[in-house]
Structure formats: structure tokens, C-alpha cells
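Trainee: model the following, please.
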Amino acid sequence: MKKTVLCVGSTTGFGNLIVEQFAKSEWDVIATHHGAVAPSWEYPKIKTILFDLMQLDSFSSLESYLSAPGTKPVDTIVISAGQMVLGEFESYSDQEIDDALDINFKAIAKFIIRILPFMSKERGKIIVISSVAGVVGLPFMSMYSASKFALEGFLEGIRYELKLRNIWVSVVRPGSHKTGFASRAIWGMKTSDRYASFRVQFKEFQRNLIHKASDPCRVAKVVKKIAESRSEILYTEVGIDALALVNFRRFLPFRIFRAILNRIFC
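Mentor: As a prediction, this is how the structure comes out:
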């Protein structure tokens with residue numbers, strides 16, 4: 001029997017490619033989008049639904065579809081929504097802090113709670129696209145890292161509880177990929193001259209990463225592999241930079257790891 005995947009955040013980037021990857025094979029695909037016009041794919045079997053993760057009132061349209069007679073339960077949910085927020089930490093406004101936590105953590109947590117009744121009771125999977133920023137704090141990314149640390153802590157905690165529902169939780173941590181995600185990053189409105197030279201250095205580092213970024217289709221393939229795996233896959237890093245940062249953080253003494261980052265940024 002065909003399985004059903006619900007892809008949340010499919011308008012651009014990884015989400016768009018993930019939808020396409022599932023649609024190529026024997027999956028029924030439901031793709032949510034937040035724009036007025038749905039993305040176009042060459043696969044007619046994709047069901048598109050207007051749903052904005054930041055406006056959970058719009059969940060009713062998704063709920064209506066999933067609860068309709070004859071609609072199968074969702075086997076796998078892939079969440080790839082998020083927004084990179086950058087800037088020196090002391091310049092963030094209260095609103096910018098709230099926005100970062102809302103889009104990268106709170107909205108996802110609230111959505112998972114609402115979607116559980118529509119998931120398969122046989123073997124469900126929730127796959128969330130996170131970031132290496134959920135493992136390593138980097139300069140000018142403190143608020144983005146805070147939101148991703150919160151997200152990963154939440155996902156790690158519910159993993160034990162969701163086993164009672166026969167649902168596995170997986171986290172994918174991409175490195176730098178050519179999705180345009182970094183170029184769409186939101187910088188804090190205020191800046192300080194104190195960080196001017198440091199900011200220039202960081203932006204140069206960011207440009208180099210974007211220039212050397214990997215093919216994002218690899219992330220889409222990894223997500224589909226996790227969805228089809230018969231084993232529980234907890235964490236997956238995708239990309240040389242992601243693997244290096246996470247493993248350096250995990251295995252090196254902290255003073256050595258810190259010295260490496262100081263050499264890069266300071």
C-alpha cells in the first residue's frame with residue numbers, strides 16, 4: 001500500500017526538493033505552502049494545501065482535508081520551515097527575539113501537537129530539518145542557535161513519549177547548501193560600530209560558505225531514505241561542513257574546539 005507524506009514548508013529550498021523527491025516514487029504527497037500561489041511541480045499527484053505554520057488558525061484547511069472520509073492517515077511528516085536570523089546579540093529587539101523563537105521553535109512544537117491525531121498508528125515518522133546551529137553556537141547567530149537548540153531539545157524530549165504512539169522522530173542537520181536560505185537571512189535592524197570589523201569578517205566567511213555550498217538535492221534524498229528506513233535514525237548531518245562542526249564539537253576537548261572557532265572568527 002502506498003504511504004502518505006505530509007511536507008510542511010514546501011514553497012522554497014529544501015522543502016520544495018523534498019516534495020519532488022517523494023513524488024518521484026510510490027508515495028502520496030501532501031505539500032503545504034504559505035504563498036497565495038502554490039509551487040508547481042511536474043507530478044500531478046501532489047496535493048497542495050495553503051497553510052502558514054506561523055498562523056495556526058489556517059490549520060483548519062489542512063485538518064478538513066486530513067479528516068475527510070477516505071483520506072488515509074499520514075505515515076511521515078517532514079517539517080522544513082524556518083528562518084535564519086542574524087545579528088549582534090545586544091542589538092536584537094524584543095520583537096526580533098520573539099519572531100526567531102516563534103518561527104524556528106514554537107510554531108513547529110504547536111503544529112506537531114495538532115497533527116498527531118492524523119498520523120498512522122502503525123509506524124509514523126516525524127522528520128525535522130534543523131541546522132548545525134542547533135549543536136554549535138556561532139557569532140552573529142546567537143538567536144538563530146537559541147531557537148534551534150530549543151527545537152532540538154524539544155524533539156529529543158518528545159522522542160521518548162512518541163514511542164508510545166509508535167512514532168519515530170528524526171532530526172536532519174544540513175550544512176551549507178545552494179537553497180538561497182542564507183541569502184534570505186534576516187539581519188537585526190540595529191547594528192553597533194563595536195562589531196563593524198567583526199561583522200565584515202563574518203559576512204566574508206558566509207559568502208565563502210555560500211560559494212562552496214553543496215547540492216541541496218542530497219538533503220532531499222537523505223530525508224526520503226530516513227522515511228523509508230526500517231531503523232530509527234536519530235540525527236543525520238548532511239554536508240562536509242556540518243559533519244566537521246558537529247564531530248569537532250562532540251569529540252574534541254572544548255578548549256581546542258574553541259581555539260578553532262577563534263582562529264576562524266576572531
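Trainee: CA atoms for contacts and neighbours, from now on please.
Mentor: Will do.
Trainee: where does Leu6 sit, in terms of helix or strand?
Mentor: Under the criterion of DSSP states H and E, Leu6 resides in strand 3-8.
Trainee: quick one, the following helix or strand past that strand and strand 3-8 angle?
Mentor: As assigned by DSSP H and E, the chain's next helix or strand after strand 3-8 is helix 13-23. Counting by axes from the mean of the first three to the mean of the last three CA atoms, to 10 degrees, helix 13-23 points 170 degrees away from the direction of strand 3-8.
Trainee: need the CA coordinates for helix 13-23. CSV is fine.
Mentor: Output of helix 13-23 as CSV, limited to C-alpha atoms (Å, rounded to 0.1, in the frame of the first residue of the first chain):
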residue,chain,number,x,y,z
GLY,A,13,14.5,25.5,-0.6
PHE,A,14,14.8,22.0,0.9
GLY,A,15,11.0,21.6,1.2
ASN,A,16,10.4,22.1,-2.5
LEU,A,17,13.0,19.5,-3.4
ILE,A,18,11.8,17.1,-0.7
VAL,A,19,8.3,17.1,-2.2
GLU,A,20,9.8,16.4,-5.6
GLN,A,21,11.9,13.5,-4.2
PHE,A,22,8.9,11.8,-2.7
ALA,A,23,6.7,12.4,-5.7
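Trainee: what's in contact with that helix?
Mentor: 5, 7-10, 28-29, 31, 39, 41, 43, 45-46, 79-81, 179-181, 216-217, 219-221, 223-224 (CA atoms under 8 Å, 6 or more residues apart in numbering).
Trainee: would you mind checking these for buried ones?
Mentor: 5, 7-10, 28-29, 31, 46, 79-81, 179, 181, 216-217, 219-221, 223-224 (16 or more other CA atoms under 10 Å).
Trainee: start and end of stretch 135-146, how far apart?
Mentor: Taking CA to CA, to the nearest Å, stretch 135-146 runs 10 Å from one end to the other.
Trainee: run the chain-centre distance for it.
Mentor: Its chain's average C-alpha position is 15 Å from that of stretch 135-146, according to CA atoms, centre = their mean, to the nearest Å.
Trainee: quick one, phi/psi of Leu245?
Mentor: phi -60, psi -50 (degrees, to the nearest 10).
Trainee: okay but it is in contact with Val136, surely?
Mentor: Yes - in this structure, Leu245 is within contact of Val136 by CA atoms under 8 Å, at 7.4 Å.
Trainee: same question for stretch 81-90, mean pLDDT?
Mentor: The pLDDT scores in stretch 81-90 average 82.
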